[in-house]
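K.L.:
I need the structure of the sequence given here:
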Amino acid sequence: MKELILGGARSGKSLLAEQRAAQSGLRVIYLATAEARDGEMRRRIDHHRARRPADWGCVEETQDLAARLQSLATPDTCILVDGRTLWLSNLLFAGRAAAQAEAGEAIECPLFSDQTRALIDTLPTLPGHIILVSNEVGWGIVPMHPVSRLFGDEQGRLNQRVGAACEQVTLVAAGLPLSLKAPGGSAA
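P.N.:
Residues are numbered from 1 along each chain as shown. This is a model prediction of the structure:
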């Protein structure tokens, strides 16, 4: 089963993903994509870490998500990827995409395009239960800064592609889950 859980900042999406992983009855691996580049991010990571059960495995991957998922996925495993938004940001800034957007250039970033394509191609082939957490960033105003616009556009496109590849998609707002797609391909 492949599952996408979307929501805004502090909407409850990670908590819902953790609950679903715990209820899966499978061995759980938390795949973290965040990098602790400052004290504020370190506190966020520590908060998530303290909330997780001690028997869950934890693996960090900031860029090559598809390859890491392939190496970890087994029929008896639930992998919770939190979060796909930070992973996308890592890709934009690791390659030249952010700098190209800042300079007003056409975006040509093989790291970004290759990694997102690999995720979409790999996701349907993975055994076990995969839960991907992602921010929904497209409900606000269009950002003024070119890098922010690029990120919002790419995040929205990737959410569409991942949602299409998943059997279940849930939107979380105010801590309340709303099923957008249920197993079998229909809205619940």
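K.L.:
what's the distance between residue 168 and residue 153?
P.N.:
Distance of residue 168 to residue 153, computed by Cβ to Cβ, to the nearest Å: 25 Å. Quick note: C-beta positions are derived from backbone N, CA and C, even for glycine.
K.L.:
compute the first-to-last residue distance for stretch 155-175.
P.N.:
Stretch 155-175 has an end-to-end distance of 21 Å (Cα to Cα, to the nearest Å).
K.L.:
hmm, who's touching the longest helix belonging to the chain?
P.N.:
Criterion DSSP state H: the longest helix present in the chain is helix 146-165. Outside helix 146-165, the residues that touch it by Cβ atoms under 8 Å, 6 or more residues apart in numbering are 2, 4, 6, 84-85, 88-89, 92, 97-98, 101-102, 104, 107, 112, 116, 119-120, 123-124, 132, 134-138, 142-143, 169, 180-181.
K.L.:
repeat the analysis, applying 6 Å as the threshold.
P.N.:
4, 88, 98, 101-102, 116, 120, 123-124, 134, 137-138, 143, 169 (Cβ atoms under 6 Å, 6 or more residues apart in numbering).
K.L.:
which pair in those spans the largest distance?
P.N.:
102 and 124 (34.7 Å; Cβ to Cβ).
K.L.:
tell me the buried residues in the lowest-mean-pLDDT helix or strand in the chain?
P.N.:
In the chain, no helix or strand scores lower on mean pLDDT, DSSP states H and E than helix 97-102, which sits at a mean of 80. Across helix 97-102, burial judged by 16 or more other Cβ atoms under 10 Å covers 97, 98, 100, 101.
K.L.:
if we can go back for a sec, ok, residue 168 and residue 153, which is more surrounded?
P.N.:
residue 168 (21 against 16; other Cβ atoms under 10 Å).
K.L.:
that one touches residue 2, doesn't it?
P.N.:
No - contact criterion Cβ atoms under 6 Å: residue 168 and residue 2 do not qualify, at 7.5 Å.
K.L.:
quick one: the residue nearest to residue 123 when sequence neighbours are not counted and residue 179, what's the gap?
P.N.:
Leaving aside its sequence neighbours, residue 123 sits nearest to residue 165 (Cβ to Cβ, 6 or more residues apart in numbering; 4.7 Å). Residue 165 sits 17 Å away from residue 179, going by Cβ to Cβ.
K.L.:
and residue 177, which of the three is it?
P.N.:
Recorded secondary structure, residue 177: strand (DSSP: H, G, I helix; E, B strand; the rest coil).
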